[in-house]
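> A predicted structure for the sequence below; I have some questions about it.
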Amino acid sequence: MQSVIRIGSRESRLAVKQAEMIREQIQKCDPHLLVEIITMKTTGDKILDRSLESVGGKGLFVKELDLALAEGTIDLAVHSLKDMPMEETSEFPILAYSKREDPRDVLIYRNRENEKNDKEESALERSGAVIGTSSKRRMIQIQRLYPNAVFKGLRGNIQTRLRKLEEEEYDAAVLAAAGIKRLQMDAVIGRYFSVEEVIPAAGQGILAVQGRKEFLEDTVKWRQYVDDRESRIQAAAERSFIRVLDGGCTSPCAAYAQVRGNEVELTGLYYHEESGQYFVDKVSSNVEKALSIGENLALKMKRQFGER
C-alpha cells in the first residue's frame, strides 16, 4: 500500500469538505497514512453564465481531474456522483461509493427570517414568482407544485448561489440537500421536497471515489472503510436507467432507488421532449439485479411513452 495518497478535488468549499470526508475514512485504515488533498478548478466551475446543456454536460466537472489521474498528479479523485458522466471508463473506474447523504432537493427562500416560511410559500404561489435553478429535471417537477412560478438559471457553488439569491431577482432557489448538510448549513433550508414530489438526480447524495485501474489492488485495505453496499446498489440501478435513456445534464431524466434488505425499488422519470410531458414508473427486484432493473425500466418506459 502507498505511504502517500493524493486526492484530487474541485476548489469549492463543498468539494474540499467532501474530499476531507473521504480522507478521514481512508485514514481509519492506517492513521499514519499521509493523505493529501490537491485542488483544481474544472471547466464546469469556470463557465457559470450558461447552462450545462449548452456547454457539454457533466463531463465538464471531471475532465481536469481525469487528466490529473492520467498524468499521475493525483491518485484518487472525489466527485459528487450526480456530476459524473453515466459512462464509466475502464481506465478510471469508480473504486468506492460513500454512504448516501440526504438525496432530496430543497427550496431556499430569499427571505429566510420567517421561521414558518408561510409568507415565502405564498409569495411563490403568485404569478411571476422567480425560482432559481438551471436544472430542467427540477424545473419540470417543481412546475407542478408552483404552476405560477417562472424559472431563471442559477449556477455556481452553494455560496455563489446564495449570494445571487440575495442580490438578484429571485424569490427562491433549489439546491441539493446533501451539499448544504455537509457544510452544516441546514438552517437556510426553507422546504424539503420529498423524493416523490421531486425525484432526485441519479446518484444525488453519494460521493464517488475514482482512481486509475492499476490502483485497484491498493484499495483493498481502505475500501472497507469507504465503500457502502447500499450506495453501490443504488448507483448501479439509478445510473443504468439514465444511461439507457442517454440522460445526464442534457436530459431531465431522473432515478431514485431504495434498498430494503435484499430488495431494491427503483423509481424512474422519463421525459418526452416533443410533448414536454414526463412520466414516472417504478419496479422492484433482488439487489443482485440492480443493474438490469435500471436498464429494463428505461427500455419499458421508452417503449411505452416514447412514441407520442
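In hand now; what should we look at?

> tell me where the protein has helices.
With helices called from DSSP state H, the chain shows them at 13-27, 43-46, 52-55, 63-71, 118-125, 136-145, 158-167, 177-182, 220-226, 229-244, 290-305.

> can you flag the weakest of these by average pLDDT?
Among these, helix 52-55 has the lowest mean pLDDT, at a mean of 49.

> contact partners for the residue nearest the centre of the chain?
For the chain, the residue nearest the mean C-alpha position is K82 (2.8 Å; C-alpha atoms, centre = their mean). Counting by C-beta atoms under 8 Å, 6 or more residues apart in numbering, K82 touches A176, P200, A201, A202, G203, Q204, G205, I206. From N, CA and C alone the C-beta is placed, and that goes for glycine too.

> report the contact partners of S231.
Residues near S231 by C-beta under 8 Å, 6+ apart: Y97, S98, K99, R100, I206.

> which one of the residues you listed is nearest to M139?
Nearest to M139 among those: I206, at 22.9 Å, using C-beta to C-beta.

> quick one: the closest one from T219, how far?
Using C-beta to C-beta, to the nearest Å, I206 is found at 17 Å from T219.

> looking at those two, which is more packed in?
Between I206 and T219, counted using other C-beta atoms under 10 Å, I206 has the larger neighbour count: 27 against 22.

> correct me if wrong: that one contacts A235.
Yes: counting by C-beta atoms under 8 Å, I206 touches A235, with 6.0 Å between them.

> any common contacting residues for the two?
Contacts common to I206 and A235, judged by C-beta under 8 Å, 6+ apart, are L81, Y97.

> circling back: turn the contacts of S231 into CSV, including distance to E166.
What follows is those, written out as CSV (distance: C-beta to C-beta, whole Å):
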residue, distance to E166
Y97, 35
S98, 31
K99, 33
R100, 30
I206, 30
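
> what's the local residue count around E87?
Neighbourhood size, E87 [other C-beta under 10 Å]: 9.

> how near is the residue lying closest to it once chain neighbours are set aside to Q304?
Nearest residue to E87, sequence neighbours excluded (C-beta to C-beta, 6 or more residues apart in numbering): R243, at 6.8 Å. Distance of R243 to Q304, given as C-beta to C-beta: 19 Å.

> between these two, who's got more neighbours?
Neighbours around R243 and Q304, counted as other C-beta under 10 Å, are more numerous at R243. The numbers are 21 against 12.

> which residues touch the more buried one?
R243 makes contacts with M86, E87, G294, E295, A298, as judged by C-beta under 8 Å, 6+ apart.

> would you confirm that the fourth one contacts R239?
No: contact between E295 and R239 fails when scored by C-beta under 8 Å: they sit 10.3 Å apart.

> who's more crowded, these two?
Per other C-beta under 10 Å, whichever of E295 and R239 has more neighbours is R239, with 28 against 16.

> quick check: pLDDT value at V62.
Per-residue pLDDT puts V62 at 77.

> same check, this time on S134
pLDDT recorded at S134 is 92.

> next: E113.
On the pLDDT scale, E113 is placed at 60.

> do the same with K116
If you check K116, the pLDDT there is 54.

> tell me how many other residues surround G276.
The local packing of G276 (other C-beta under 10 Å) involves 8 other residues.

> quick one: the closest residue to it other than its chain neighbours from T133, how far?
Distances taken as C-beta to C-beta, 6+ apart place I140 nearest to G276, at 7.9 Å, with adjacent residues excluded. Counting by C-beta to C-beta, the gap from I140 to T133 is 11 Å.

> the two: who's more crowded?
T133 (22 against 18).

> and the gap between the residue nearest to that one when sequence neighbours are not counted and L124?
Nearest non-adjacent residue to T133, counting by C-beta to C-beta, 6+ apart: V174, 4.3 Å away. From V174 across to L124, the span is 11 Å (C-beta to C-beta).

> next, show the common contact partners of these two.
Common neighbours of V174 and L124, counting by C-beta under 8 Å, 6+ apart, are I131.

> residues of stretch 23-39 that come out buried?
R23, Q25, I26, Q27, C29, L33, V35, I37 (16 or more other C-beta atoms under 10 Å).

> doesn't L33 make contact with the fourth one?
Yes: applying C-beta under 8 Å as the test, Q27 and L33 come out as touching, 5.7 Å apart.

> give me whichever of the helices of the chain is most buried.
helix 229-244 (a mean of 23; mean count of other C-beta atoms under 10 Å).

> chain center to that helix: distance?
12 Å (C-alpha atoms, centre = their mean, to the nearest Å).

> rebuild the helices of the chain as CSV, extending it with distance to Y270.
Shown next, in CSV, are these (distance: least, C-beta to C-beta, whole Å):
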stretch, distance to Y270
helix 13-27, 30
helix 43-46, 26
helix 52-55, 17
helix 63-71, 28
helix 118-125, 27
helix 136-145, 11
helix 158-167, 28
helix 177-182, 24
helix 220-226, 33
helix 229-244, 9
helix 290-305, 4
